[in-house]
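Student: what shape does this take:
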Amino acid sequence: MKNIHHFTFILLVVTLLSSCYKLEDLSLNYEDGVSTVVYDLPGDTLATDGWGDNYEENDTYLRQRYYNSRWTDSIRFVPYGDEIINSAEGVDLTQTGKTADEWKAEVKAREAAINWLSNASIHPSNAANNDAYFNTETQYHYIRRSNNWYQMEILGTRGVAENDSIYVNWRGFLSSPPSNASKGWAYRDNENYRVYMHNGTAWELMVNDANYNENIDFIQVEYSKSGKEAGIYSMFLFRFEDQWQHFLRDAADSSRFLTTNEWDLAFTEELNSTVWLNNGRTTFGPAKGSPVTKSSLIMYEYGYEFMDEAPEDEFFDNRPADNMQMGGRTQYTEGVNPWFEYGSTFIAKPYPYRAYYLRLEQSDGSYLYGKLQLISMYKGAPEVLTDQNWPAPYLTFRYFIQKDGSRNLKTKD
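Tutor: Here you go, the predicted model:
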């Protein structure tokens, strides 16, 4: 009988507590009436396309990546008419000190100057760089570049699932191919960023996913039909004050804007997902040389709504300039101040409660304090996403900048 009374007492307490306390509504709602919410700001959608894991009929382009690197640009593997595609384009022409347009012009001139030798059943012994020939045994064309033979044809139709998951002997990210190569060796070229594997006869472009040691799909290859310029995402700038957005499409535009105080955030890299705060003290960020040197950010793990007061300046001052970025975490790297993570599906999943304190240097030397939450890089900011080809990048984020100069960042009663 005593046990029954005890149970009744517990039930009564639970009932009373539930009547006094309302459970917090955890559904996503970013409108607080104070913050500025930016929905579906278009990133460089010109750089996106419907990419699939394997070759399908009528696919024309492929792209590659290794480890956690960015994707290559789209690579066409289907020739037009009698065209002979050259998979080795650009492997021996350094990009250092050149604009993208200058480097591409040099590559184009080199392609136009290929010296065609007579057909042969083996590689010509005295061939010079930029010599090419047709092999009557293999029925492929080969070209001499970087003192090595490259197969010119790209065998994209082999990029089906049953050919994936091969193992390669990875040799690194190199300016020229390793000497005395053996079949199965693979490397990524420093100049054109493409991944090659040695087939025992020559270097050929990788067209399949491949494993290295314990890294499954260390190399990934995807396929597409339309051939948009995928993988090279033009950076864009954003300003909090008036929501100004500007894409940087060429070197002149970059020179005009990057070294100024006219912007706050730069959305860079794949899917415009690595976000930099303007700080000219960085050694490798886009703001290098900017007059803004005191802007800073601090990551906060526990929810935008609870960021009521900005930290003291000494905490902002202690942040390294090269940590003024918000990137992504993968299975290979923790990232810097990551706001999302990539899983095995290569779909970015934002951390739901992660946000950032901001200190923004003004032209008169004063500071404004604020907070920022990056919410999604996919159109509509879906809470759950399983489709790798969902439209992207469309950036959704919210922020609050306290205009009176105080550290008060309350946006919720």
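Student: quick one, what contacts Ala113?
Tutor: Asn130 (C-beta atoms under 8 Å, 6 or more residues apart in numbering). Any C-beta I mention is one placed from the backbone N, CA and C, and that applies to glycine too.
Student: for it, grab phi and psi.
Tutor: Phi and psi for Ala113, reported as degrees, to the nearest 10, are phi -100, psi 20.
Student: can you give me the pLDDT of it?
Tutor: Looking at Ala113, its pLDDT reads 96.
Student: same question, the one 5 residues further on
Tutor: According to the per-residue confidence, Ser118 scores 97 in pLDDT.
Student: check Pro177 too.
Tutor: For Pro177, pLDDT reads 95.
Student: I'd say it and Asn148 touch.
Tutor: Yes: contact criterion C-beta atoms under 8 Å: Pro177 and Asn148 qualify, at 4.9 Å.
Student: excluding its backbone neighbours, what's nearest the residue sitting nearest the centre point of the chain?
Tutor: By C-alpha atoms, centre = their mean, the chain has its centre lying nearest to Glu270, at 2.5 Å. Counting by C-beta to C-beta, 6 or more residues apart in numbering, Glu270 lies nearest to Arg70, which is 5.1 Å off, once chain neighbours are set aside.
Student: equivalent analysis for Val78, please.
Tutor: Thr60 (4.6 Å).
Student: look at the closest residue to Ala181 other than its chain neighbours and say how many residues are nearby.
Tutor: In this structure, Ala181 finds its nearest non-sequential neighbour in His198, 4.3 Å apart by C-beta to C-beta, 6+ apart. Residues lying near His198 (other C-beta atoms under 10 Å) number 23.
Student: where's Leu174 relative to Gly285, distance?
Tutor: Separation of Leu174 from Gly285 (C-beta to C-beta, to the nearest Å): 25 Å.
Student: with neighbour numbers in mind, choose between these two.
Tutor: Neighbour count, other C-beta under 10 Å: between Leu174 and Gly285, Gly285 has more, with 22 against 14.
Student: pull out the buried positions in stretch 399-408.
Tutor: Neighbour-count burial for stretch 399-408 flags Tyr399, Phe400, Ile401, Gln402, Arg407 (criterion: 16 or more other C-beta atoms under 10 Å).
Student: so who does the residue nearest to Ala181 touch?
Tutor: His198 makes contact with Pro177, Ala181, Ser182, Lys183, Gly184, Trp185, Ala186, Glu204, according to C-beta under 8 Å, 6+ apart.
Student: distance check, the residue nearest to Pro393 when sequence neighbours are not counted against Met206.
Tutor: Leaving out its chain neighbours, the residue that sits closest to Pro393 by C-beta to C-beta, 6+ apart is Gly43, at 3.1 Å. Distance of Gly43 to Met206, given as C-beta to C-beta: 27 Å.
Student: how about Gln325?
Tutor: In this view, Gln325 and Met206 are 30 Å apart by C-beta to C-beta.
Student: so for those two, which residue has more residues nearby?
Tutor: Met206 (25 against 22).
Student: for Ala105, helix, strand, or coil?
Tutor: With DSSP: H, G, I helix; E, B strand; the rest coil as the basis, Ala105 sits in helix.
Student: helices along the stretch 51-200 of the chain, start to end?
Tutor: Along the stretch 51-200 of the chain, counting by DSSP state H, counting those that start in this stretch, helices occupy 100-112.
Student: let me fix that: the stretch 301-413 of the chain
Tutor: Along the stretch 301-413 of the chain, the segments classed as helices by DSSP H, counting those that start in this stretch run 313-317.
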